[in-house]
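Participant: Show me how the following folds:
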Amino acid sequence: MREIYVAQADEIADRDRKVVIDDDLEIGVFRLGDEYYAWESNCPHMGGPICQGKIMNRVDEVLDEERRSKGFRFVDEDVHVVCPWHGFEFNIRTGAHPGDANTRLNGFEVELRDGAVYVRV
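Facilitator: Numbers count the residues shown, from 1 in each chain. Purely as a prediction, here's the structure:
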């Protein structure tokens, strides 16, 4: 196992990411608050560059008692990255697809040390 230097911790803004390339491996390191998450930038759907996608909160449809749509709401605690190729979404904290928990991103361990972010591969 080896480490890849990503950036100084304060160089990655909250709700943003830094993508690093190491040989043939592209990794996105995301920051949500004080937590960092690293995922291989390879969408399980068709291999798209998932870590380059839009970051957004999960969208839920609000239904009334009769199951009629009353609009949509954003879920603040559930932040996703959306693949730019085909729109597949994955939870940044868990790497799971919201509709199929078996469809996941390949993750890496992140370490913060002396103000810097490292990924173990």
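Participant: All the strands of this structure, residue numbers only.
Facilitator: For the chain, strands defined by DSSP state E occupy the ranges 3-8, 16-22, 25-32, 35-40, 54-63, 69-82, 89-91, 96-97, 100-104, 107-113, 116-120.
Participant: and residue 48, which of those strands is closest to it?
Facilitator: Proximity to residue 48, assessed across those by Cβ to Cβ, is greatest for strand 69-82 (10.2 Å). (C-beta placed from N, C-alpha, C; glycine too.)
Participant: That closest one to strand 35-40, inter-axis angle?
Facilitator: Going by axes from the mean of the first three to the mean of the last three Cα atoms, to 10 degrees, strand 69-82 is angled at 70 degrees with respect to strand 35-40.
Participant: re earlier: mean neighbour count added to the strands of the chain, as JSON lines?
Facilitator: Formatted as JSON lines, those follow (neighbours: other Cβ atoms under 10 Å):
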{"stretch": "strand 3-8", "mean neighbour count": "15"}
{"stretch": "strand 16-22", "mean neighbour count": "15"}
{"stretch": "strand 25-32", "mean neighbour count": "20"}
{"stretch": "strand 35-40", "mean neighbour count": "20"}
{"stretch": "strand 54-63", "mean neighbour count": "12"}
{"stretch": "strand 69-82", "mean neighbour count": "13"}
{"stretch": "strand 89-91", "mean neighbour count": "20"}
{"stretch": "strand 96-97", "mean neighbour count": "18"}
{"stretch": "strand 100-104", "mean neighbour count": "11"}
{"stretch": "strand 107-113", "mean neighbour count": "14"}
{"stretch": "strand 116-120", "mean neighbour count": "19"}
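Participant: mind putting those strands in CSV, mean pLDDT included?
Facilitator: Below are the strands of the chain laid out as CSV (pLDDT from 0 to 100):
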stretch, mean pLDDT
strand 3-8, 98
strand 16-22, 97
strand 25-32, 98
strand 35-40, 98
strand 54-63, 93
strand 69-82, 93
strand 89-91, 96
strand 96-97, 96
strand 100-104, 93
strand 107-113, 98
strand 116-120, 98
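Participant: Many thanks, have a good one.
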